[in-house]
Structures are given as structure tokens and as C-alpha cells.
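A.B. asks: Need a 3D model of the following:
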Amino acid sequence: MNPNLKYRHELKYYVNHHQYHIIRQQLKSLLSPDKNADSSGQYHIRSLYFDDIDNKAIHEKLGGIRDREKYRIRIYNFSDRVIHLEKKIKFNDYITKVKTSLSREMADAILAGHYEALNDPRKPLLFELYQQTTKHLLRPKVIVDYVREAYVSAAGNVRITFDKDLKTGLHATDIFNPDINTIHTFDHPIIVFEVKYDEYLPDYIRTAIQANGLVRQSNSKYVICRKWLKFNSWEDQ
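C.D. replies: Numbering: from 1, shown residues only. As a prediction, this is how the structure comes out:
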């Protein structure tokens, strides 16, 4: 565990639309809407995930490796106004994220495979990605699209999200193209429900979740979308 990073709890569930409406109604009076949401209370997230030549990220997730990490570029509402390079780190049952802003020019260079643009030791995360691209042949793998509805609470630094309409861009990696063909990843309208918090989860929020009988599940949007690119039956595990 890196002592310089702030690690958080992360609980994940699948909920159907009936459960979504009940939980949402309960939590809306207890938490505040995410300030980044539009008038509908939602915003669109598109992430481009990376993996190396050995597909380490997906193998470690499927293999249940406790401590792991993955890299992604993320944009919001199909806009290049805010572009983040992120490294998501899982340690035991805790998660954290390191991120830095990317210019559109830098993002375009990465998408074009011009990784030398990242070779700047003064920018640790960019330089780390550069080393990953040269030593382990880290490359863009899959686009993950979804619509997020989020609520926050200062108590416990809680962030609750409903991620809807999960789609994959299959083999497309042009994260800035709003017209790429995407397909739904689930046969049924399933919503990914996530709860993140610091040291404690307030009882009134825990009660609202437990009252609906939810069972924690391991679900990775990256793995769900990568499975649409599978070439082997073992990737269904």
C-alpha cells in the first residue's frame, strides 16, 4: 500500500430497475446530487482502457488477484474539454485512483501510438504510462460507455453511483468519436450500483442498502466489455 495515497472502500452490486427506483428514492433524501450532473441528474462517461501484451489487467481480475491496477483515459459527455489519464489501484478491499489531465494533443498522440510524447520524467503518471507502453507493450483495448447518476454525502465522504446503459465500443479505440458503433453489454436492463466511502459508511445509508437485500458482487466494467472481444472460452470465467 502506498502511504501517500488515500484508499477508499468500494462496494459493488447489480440492481434491476425496480430495485433502482426504490434505492434511489430512499437515498435522494439522504444525499446530494453530484454537482457535475446535468438537468436530468446524469452525465455520460466514456473510458478507454489499456492492457499489456499479456492482458495482465484482465487476467488478474479473472484470476482473483488481490492487488492490481489498470490504466484508462476518461472523458465526459463526449467532450474533450476535460480529459483524464487515470490509474485505478486496488489493494486488498480498498481502491484508490491517481489521475492527471491530458491535453487533446497529448491524447491524440497516445491514440496514434506516438508514445514518445509521454516520455517526460517530470510528469510521473505520463512517464509511467510511457514505460508501460515500451516495456510491456501497453495498448488501448476497449471503450466502455455508460450513463452515471451519482449522489454524494460529506459524512464518510460517501459517493453512490448508478451506472446505466453500459455499452462497449468493441474494437474501436477512437474515444473522441461520438458516432462509433457501440453495443449493449447486458441482455437485460441491469444497473451497476456502487458505493464508495472513506473510513465509515453512515448507518442511515447502510440501512437503505441492506433493506433491499443486495448481495455484493464482483463486477468490472472493463472485464464485462472485454468479454465481447473474447477469443477463448476461458474468458467467460
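A.B. asks: Do you have the helices of the chain handy? List them.
C.D. replies: Assigned by DSSP state H, the helices in the chain fall at 17-28, 56-62, 104-111, 124-135, 203-210, 221-226.
A.B. asks: Run a quick neighbour tally on Ile58.
C.D. replies: 22 (other Cβ atoms under 10 Å). To be clear about C-beta, it is placed using only N, CA and C from the backbone, and glycine gets the same treatment.
A.B. asks: Make 17 the first number, not 1, from now on.
C.D. replies: From this message on, residue numbering opens at 17, which makes the last subject Ile74.
A.B. asks: For it, give its distance to Gly229.
C.D. replies: Distance, Ile74 to Gly229, by Cβ to Cβ, to the nearest Å: 30 Å.
A.B. asks: got it, and Ile196?
C.D. replies: Ile196 is 38 Å from Gly229, where distance means Cβ to Cβ.
A.B. asks: Of the two, which one has the most company?
C.D. replies: Legend: neighbour count by other Cβ under 10 Å for Ile196 and Gly229, higher for Ile196 (17 against 7).
A.B. asks: Tell me who's in contact with Lys157.
C.D. replies: Taking Cβ atoms under 8 Å, 6 or more residues apart in numbering, we find Lys157 in contact with Tyr65, Phe66, Asp67, Thr189, Arg242, Leu245.
A.B. asks: Show me which positions of the lowest-mean-pLDDT helix or strand in the chain end up buried.
C.D. replies: Using mean pLDDT, DSSP states H and E, helix 219-226 stands out as the lowest-scoring helix or strand of the chain, at a mean of 83. With burial defined by 16 or more other Cβ atoms under 10 Å, the residues of helix 219-226 counted as buried are Ile221, Arg222, Ala224, Ile225.
A.B. asks: mind listing what the top strand by length along the chain pairs with, with the direction of each?
C.D. replies: Longest strand in the chain by number of residues, with DSSP state E as the criterion: strand 155-169. Neighbouring strands of strand 155-169 in its sheet, by DSSP bridges, are strand 48-49 (antiparallel), strand 59-67 (antiparallel), strand 174-184 (antiparallel).
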